[in-house]
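Asker: Quick one: sequence and predicted model below, then my questions.
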Amino acid sequence: MMPPALSSLRQLRLREHQLFLALTVVVGIVAGLSAVLFSVAIEWTTRVFFGLEPSTGRLFLMPVTVSVVTGMLLVRVFPDVRGSGIPQTKTAVHLHGGAIPGRVPLGKFLTGVLCIASGHSMGREGPSVQIGAGIASTIGRWLQLSPSRLRDLVPVGAAGALAAAFNTPVAAVLFTLEEILGDLNASLLGATVIASVASVMVERAILGNEPLFRVPTYHLEHSAELLAYAALGVVGGVLSLAFTQTLLASRALFKRMPASTRMFQPAMGGVVIGILIILSPAVMGVGYEYVDRALNGGLVLKTLLLLCGLKMIATIVSYASGNPGGIFAPSLYIGAMAGGALGTLVHRFAPFPTAEPGAYALVGMGTLFAGIIRAPMTSVFMIFEITQDYQILVPLMVANLLSFIIARRFQPEPVYHALLHQDGIHLPAAGESRAPEAWTAQEAMGPAPTMVAADATIRSVLDTEASLREPVVLVTRRDDVPGVVTRVQLANAATSGHADAAVGSLIEGGTSHAHPDHPADVVLERLVTAGGWLPVVSRADARRVLGVVTLDGVARLMRERTS
């Protein structure tokens, strides 16, 4: 017979499990409603802003003036809703136990509507994910769920919102597992499926069961055509690489601007967007109507190439300047235009039968998505859900694989992780774990030495260090991990006539560092690389030093563990 205490514990766990299953349905429904409302609000606000036939002045002024308003909101009211929202959702899941402030979904909804409706070249899927995740977190905290259940509920809300935003429940589940959680074997598979199905049912009940794109039936006309799709994969990989690296470089440029300009940076981007949409209104907003035309062969080669280039520029400027919106939809838009352009050339000049250019536009969508977002499984199933046709899968997999390989070879860090690193946030690697008996950086670290500003002179640091007698100092840097400078380096620089130079000039490149949860093997490897002094920094803010690991500290820990 089972002891009463154990029986009560099992009953409690059963009730908690049943409550969580019920919550997945509720969260899926609410997240679906939020995504539908977000989409409808964008369409309605766009009509209010631009009308049916906007003048040239209106096309230019609207993104500028609205961006002034959103810039003020982003700085003074909603500071944590810039960008797409997917990196922030990943951070909430992996570092904050699923806790998302209640103001986040409200702020993302309001600023996202204003930004996208005013013409900025951004998508609604990323913001929908953050809104759905924020709603799930708010519900979980209101019900006082356990920390583990709260953390699990956030990706459920994200999956539900994405399923409704894009009308692809399977792709939404895969994206949540592949990108948000980083684990296709996650135990939340069942919960995300339930939420996605509930969300899509709500979306289709309100908006109807119409597909997002009208896609004709395509066939592989000739086996040699796979070579053309392989070429599309190469083109997609190159474009993905160019987009990602230019986006990161442009965002880094905006981040280096004085803090006083932060409120007006979205409007700076708005000026460029105003000029671009005067040149071609087709690049404004989400732009799915033009994707639909590319899929159905309704755009000529010159237009396809023009829209591909302008959309890349517009998206990079909109995102880098801090406007709230995603890169999910722009990646599909750029891919459709690039694929349609290549398909037009292949259809015109290939010595063998080929599919219509729309087939290449469709594969191009998945190809750019795989190269930029780095979610290849999501890409394949997303395109399949759009077409409901197995025949497109082989060309799609060929192109996706090549695009993914090329993009990862020259830009190993996925775009969402790179964006977080620019903000000083370092998420744990997928599947990162340690042996139970292994020690961590947190156990081995000692107190941090003196911190000095990068622009302090070497002479002033030496004067301070003369009384402190510390062998190293940590040099704070605005957008990077603090660097380590030894007393020997300071003394050598002073004796060689550089005493008035900035201490930051002694740091070359990046600095090796560890996080508190890094296991022994990682710490020791990096400790050797760092020359015996390894800063331990927070995952949530890599500029915040928690301590320093030294060889003496490791030896001390070893003695304590063996005694």
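Answerer: Received, thanks. Numbering: from 1, shown residues only.
Asker: list the contacts for the residue lying closest to A454 once chain neighbours are set aside?
Answerer: Distances taken as Cβ to Cβ, 6 or more residues apart in numbering place G504 nearest to A454, at 3.1 Å, with adjacent residues excluded. C-beta: built from backbone N, CA, C; applies to glycine. Counting by Cβ atoms under 8 Å, 6 or more residues apart in numbering, G504 makes contact with 453-455, 475, 477, 483.
Asker: Now with 10 Å, please.
Answerer: Contacts for G504 (Cβ atoms under 10 Å, 6 or more residues apart in numbering) come out as 452-456, 458, 475-478, 483, 485.
Asker: what's the answer for L184, then?
Answerer: Counting by Cβ under 10 Å, 6+ apart, L184 has contacts 174, 177-178, 377, 430.
Asker: Let me know the secondary structure of the residue nearest to A454.
Answerer: helix (DSSP: H, G, I helix; E, B strand; the rest coil).
Asker: same thing with T476?
Answerer: Strictly by three-state DSSP, T476 counts as strand.
Asker: Quickly list what it is bridged to.
Answerer: A453 (DSSP bridges).
Asker: Then the one 10 residues further on?
Answerer: With beta bridges defined as DSSP bridges, T486 has these partners: V472.
Asker: Please report the distance of it from T495.
Answerer: 14 Å (Cβ to Cβ, to the nearest Å).
Asker: so G483 sits in a strand?
Answerer: Yes. Under three-state DSSP, G483 falls within a strand.
Asker: Could you find the closest non-adjacent residue to V129?
Answerer: V129 sits nearest to A158 (Cβ to Cβ, 6+ apart), 4.6 Å away.
Asker: which sections of the stretch 301-450 of the chain are below the confidence cut-off?
Answerer: Judged by pLDDT under 70, the stretch 301-450 of the chain has its weakly predicted residues at 430-437.
Asker: Oops, could you answer that again for the stretch 101-250 of the chain instead?
Answerer: 185-186.
Asker: quick one: contacts for S250?
Answerer: S250 touches 269, 313, 316-317, 319-321, counting by Cβ under 10 Å, 6+ apart.
Asker: Ok, A158 next?
Answerer: So A158 contacts 27, 31, 85-86, 89-90, 92-93, 128-136, 172, 175-176, 179-181, 192, 195 (Cβ under 10 Å, 6+ apart).
Asker: same thing but 6 Å
Answerer: 89, 129, 132-133, 176, 180 (Cβ atoms under 6 Å, 6 or more residues apart in numbering).
Asker: So M382 belongs to a strand, correct?
Answerer: No. If the criterion is three-state DSSP, then M382 is helix and not within a strand.
Asker: nearest spatial neighbour of it, skipping sequence neighbours?
Answerer: A171 (3.8 Å).
Asker: Surely V484 touches L534?
Answerer: No. In this structure, V484 is not within contact of L534 by Cβ atoms under 6 Å, at 8.2 Å.
Asker: Have a look at the two and say which one is more surrounded.
Answerer: L534 (30 against 23; other Cβ atoms under 10 Å).
Asker: ok, back up a step: and the residue nearest to A454, how far is that from V481?
Answerer: In terms of Cβ to Cβ, G504 sits 13 Å off from V481.
Asker: Report how many residues lie close to M263.
Answerer: 17.
Asker: Tell me the secondary structure of it, please.
Answerer: Per three-state DSSP, M263 ends up coil.
Asker: Just the CA trace of stretch 160-171, in CSV.
Answerer: Output in CSV follows, covering the C-alpha atoms of stretch 160-171 (Å, rounded to 0.1, in the frame of the first residue of the first chain):
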residue,chain,number,x,y,z
GLY,A,160,0.1,29.5,-30.6
ALA,A,161,0.7,33.1,-31.8
LEU,A,162,3.0,32.1,-34.6
ALA,A,163,0.5,29.4,-35.8
ALA,A,164,-2.2,32.0,-36.1
ALA,A,165,0.0,34.7,-37.6
PHE,A,166,1.2,32.5,-40.4
ASN,A,167,-1.6,29.9,-40.6
THR,A,168,0.9,27.1,-40.4
PRO,A,169,0.5,25.0,-37.2
VAL,A,170,3.1,22.4,-38.0
ALA,A,171,5.8,25.0,-38.9
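Asker: So which bits of that stretch are buried?
Answerer: For stretch 160-171, a neighbour-count test (16 or more other Cβ atoms under 10 Å) marks 160-171 as buried.
Asker: again, but for stretch 525-538
Answerer: For stretch 525-538, using 16+ other Cβ under 10 Å, the buried residues are 526-527, 530, 532-538.
Asker: Kindly report the same for stretch 394-403.
Answerer: Buried, per 16+ other Cβ under 10 Å, within stretch 394-403: 395-403.
Asker: Same question for stretch 62-72.
Answerer: Those buried within stretch 62-72 under the rule 16+ other Cβ under 10 Å are 62-64, 66-67, 69-71.
Asker: What lies in contact with that stretch?
Answerer: 49, 111, 114-115, 118-119, 263-264, 266-267, 270-271, 273-274.
Asker: Weed out the non-buried ones from the residues you listed.
Answerer: 49, 111, 114-115, 118-119, 263-264, 266-267, 270, 273-274.
Asker: want to throw those into a markdown table with distance to D152 and secondary structure?
Answerer: Shown next, in a markdown table, are the buried ones among the contacts of stretch 62-72 (distance: Cβ to Cβ, whole Å; DSSP: H, G, I helix; E, B strand; the rest coil):
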| residue | distance to D152 | secondary structure |
| --- | --- | --- |
| F49 | 39 | helix |
| T111 | 28 | helix |
| L114 | 32 | helix |
| C115 | 30 | helix |
| S118 | 36 | coil |
| G119 | 38 | coil |
| M263 | 37 | coil |
| F264 | 40 | coil |
| P266 | 34 | helix |
| A267 | 39 | helix |
| G270 | 39 | helix |
| I273 | 39 | helix |
| G274 | 43 | helix |
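Asker: now, among these, which is nearest to R256?
Answerer: Ranked by distance to R256 (Cβ to Cβ), the buried ones among the contacts of stretch 62-72 are led by F264 at 15.1 Å.
Asker: List the backbone torsions phi and psi for that closest one.
Answerer: phi -100, psi 0 (degrees, to the nearest 10).
Asker: how close does the nearest residue to it once chain neighbours are set aside sit to M257?
Answerer: Distances taken as Cβ to Cβ, 6+ apart place G71 nearest to F264, at 5.8 Å, with adjacent residues excluded. Going from G71 to M257 by Cβ to Cβ gives 13 Å.
Asker: what about the residue nearest to V415 when sequence neighbours are not counted, helix or strand, and which?
Answerer: Of all residues beyond its chain neighbours, the one nearest V415 is T244 (5.0 Å), with distances taken as Cβ to Cβ, 6+ apart. In this assignment (DSSP states H and E), T244 forms part of helix 225-255.
Asker: do A336 as well
Answerer: helix 328-349.
Asker: which helices and strands sit right next to that helix?
Answerer: Applying 3 or more Cβ pairs under 6 Å, 6 or more residues apart in numbering; DSSP states H and E, we find helix 328-349 packed against helix 225-255, helix 288-295, helix 301-320, helix 357-373.
Asker: Centre of the chain to the longest one, how far?
Answerer: In terms of Cα atoms, centre = their mean, to the nearest Å, the centre of helix 225-255 is found 16 Å from the chain centre.
Asker: For the residue positioned nearest the centre of the chain, give me its contacts.
Answerer: Residue closest to the average C-alpha location in the chain (Cα atoms, centre = their mean): Y416, at 3.0 Å. When contacts are counted by Cβ under 6 Å, 6+ apart, Y416 touches 86-87.
Asker: Next, the buried residues of the helix or strand where it lies.
Answerer: For Y416, the host element (DSSP H and E) is helix 415-422. Of all the residues in helix 415-422, those buried under the rule 16+ other Cβ under 10 Å are 415-421.
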